[in-house]
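Return atomic coordinates for the entry below.
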Amino acid sequence: MFFKAYSVSSVFTGSVLKRIINPAAMASNHRLLKLLTCGLFVSTIIVFSFFYGWDVPNILREYRTQQVHEDRQKQRKQLIKEVCDSNREKYMEIPLREDYWKTFLVDDNYRIIYCFVPKVACTNWKRFMYMLKHDQLSVDPNNITDDVHAVTALNYLWKFPKEEIEAKLKNYTKFMFVRDPFVRVISAYRNKFEWITQKYYLKYGREMLQRYGNWSNPPETAEELLAIDKRVTFDNFVQYLVDPRSEENRFFDEHWRQAYRMCHPCVVQYDFIGHLENLEEDTKQLFELLHLQNDMKIADAFPNVTTTSVLLEWFRTVSQEDRRKLYKLYEPDFKLFGYRKPEELFETEDQDRAL
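Predicted structure coming up:
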């Protein structure tokens, strides 16, 4: 009975495919071909379940989930292409120079390239690349104690000759993860300025207090600042970001530099774009793409993760003008990666004060 059913389906598909492959009808019959393929898949599963006891509901559920994941990636890539094509001069001006690959990590054994964006699960993904480099796939990533942020801990793409950089970018599987741009800005502030270190105080904090905190002579050290219970405020930080002088002599720090300026999605064709808001599900899909789903453990998320629900609270002291400027600054990230413009932040200041 099985072989008879199989031969009938073969005849059926053969006759239908002859019509579909006709070039003149190919475009209009694309949906029919997709439905036919899906139907054959389902019928095959049913037949094999009858003879071999396959768990049909579970298989179909996994198939549907896989289709959702694949469609989501197609949509993310298509959106990037459309945004890039809409303003090629703005997004595609980045040349293949080694200093543009500072945030790209590479593993030659697994032929993987990861572009890291700080404040987007960056530490855990660096641990992942560390595990690949040292062939420690069975190790719990939470138990890795080495400083994965050290330049010597991982293989950076910029260290290779130009020809090798181009070859790896062309042939390796490339992935990146992104996050709501404004939430990432808040996370960067919390990490670097709420309990500021001496490094960030001397490099940025003292200047912010002088320019935007009406403080002509701030304390010399971060310890002194904290001792008198003073801080660089979030408002000060936003004022710094939207001030054109801030990048006159140096790039933004990587913790708040725009993702598109670090990972160049209009130049690099990524095989996978993950979203932090969907981290667990996207990570599982990525591991399947890399054929590592049976070897890797997903690292635990860090506590105190900032989410979009706190936007209004954080921006309450930020003026409407600075909010608009900040959005303009990060607008490419919003558009390229499909994040919604937070319209609730651009209401009148009277409404803000009423909150």
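
Any buried residues in the one helix or strand Leu329 maps to, and which?
Using DSSP states H and E, Leu329 maps to helix 320-336. Neighbour-count burial for helix 320-336 flags Asp322, Arg323, Lys325, Leu326, Tyr327, Leu329, Tyr330, Pro332, Asp333, Phe334, Lys335, Leu336 (criterion: 16 or more other C-beta atoms under 10 Å). Quick note: C-beta positions are derived from backbone N, CA and C, even for glycine.

Equivalent analysis for stretch 143-156, please.
The neighbour-count check on stretch 143-156 (16+ other C-beta under 10 Å) flags Ile144, Val148, Ala153, Leu154, Asn155, Tyr156 as buried.

what are the phi and psi angles of the last one?
Think Tyr156. phi -100, psi 140 (degrees, to the nearest 10).

and if you look at the fourth one?
When read as degrees, to the nearest 10, the backbone of Leu154 gives phi -130, psi 170.

Go through the buried residues of helix 320-336 and name the one nearest Gln269.
Leu336 (13.4 Å; C-beta to C-beta).

Would you mind giving the domain segments of the chain?
2-89, 92-196+231-355 (automatic domain parsing).

Comparing those domains, which yields the minimum mean pLDDT?
Looking at the domains of the chain, the lowest mean pLDDT belongs to domain 2-89 (a mean of 63).

how about JSON lines for the buried residues of helix 320-336, with distance to Ile165 added?
Converted to JSON lines, these look like this (distance: C-beta to C-beta, whole Å):
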{"residue": "Asp322", "distance to Ile165": "38"}
{"residue": "Arg323", "distance to Ile165": "38"}
{"residue": "Lys325", "distance to Ile165": "35"}
{"residue": "Leu326", "distance to Ile165": "33"}
{"residue": "Tyr327", "distance to Ile165": "33"}
{"residue": "Leu329", "distance to Ile165": "28"}
{"residue": "Tyr330", "distance to Ile165": "27"}
{"residue": "Pro332", "distance to Ile165": "23"}
{"residue": "Asp333", "distance to Ile165": "24"}
{"residue": "Phe334", "distance to Ile165": "29"}
{"residue": "Lys335", "distance to Ile165": "27"}
{"residue": "Leu336", "distance to Ile165": "22"}
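
any idea which of those is closest to Tyr91?
For those, the nearest to Tyr91 is Pro332 (6.9 Å; C-beta to C-beta).

Mind telling me what element the spatially closest residue to the closest one that is not a sequence neighbour is part of?
Spatial nearest neighbour of Pro332, excluding adjacent residues (C-beta to C-beta, 6 or more residues apart in numbering): Tyr260 at 4.8 Å. Element membership of Tyr260 [criterion: DSSP H and E] is helix 259-263.

got the angle between the helix or strand where Phe182 lies and helix 320-336?
Assigned by DSSP H and E, Phe182 belongs to helix 181-189. Counting by axes from the mean of the first three to the mean of the last three C-alpha atoms, to 10 degrees, helix 181-189 lies at 110 degrees to helix 320-336.

Give me the number of neighbouring residues for the residue nearest to Pro332.
26 (other C-beta atoms under 10 Å).

Tell me the spacing between it and Lys203.
Plainly put, Tyr260 is 24 Å away from Lys203 if you go by C-beta to C-beta, to the nearest Å.

For the residue nearest to Arg111 when sequence neighbours are not counted, which residues are in contact?
Sequence neighbours aside, Tyr172 is the residue nearest to Arg111 in space, at 4.6 Å (criterion: C-beta to C-beta, 6+ apart). Tyr172 makes contact with Val106, Arg111, Ile112, Ile113 under the criterion C-beta atoms under 8 Å, 6 or more residues apart in numbering.

From Phe160, how far off is Tyr172?
From Tyr172 to Phe160 the distance is 12 Å (C-beta to C-beta).
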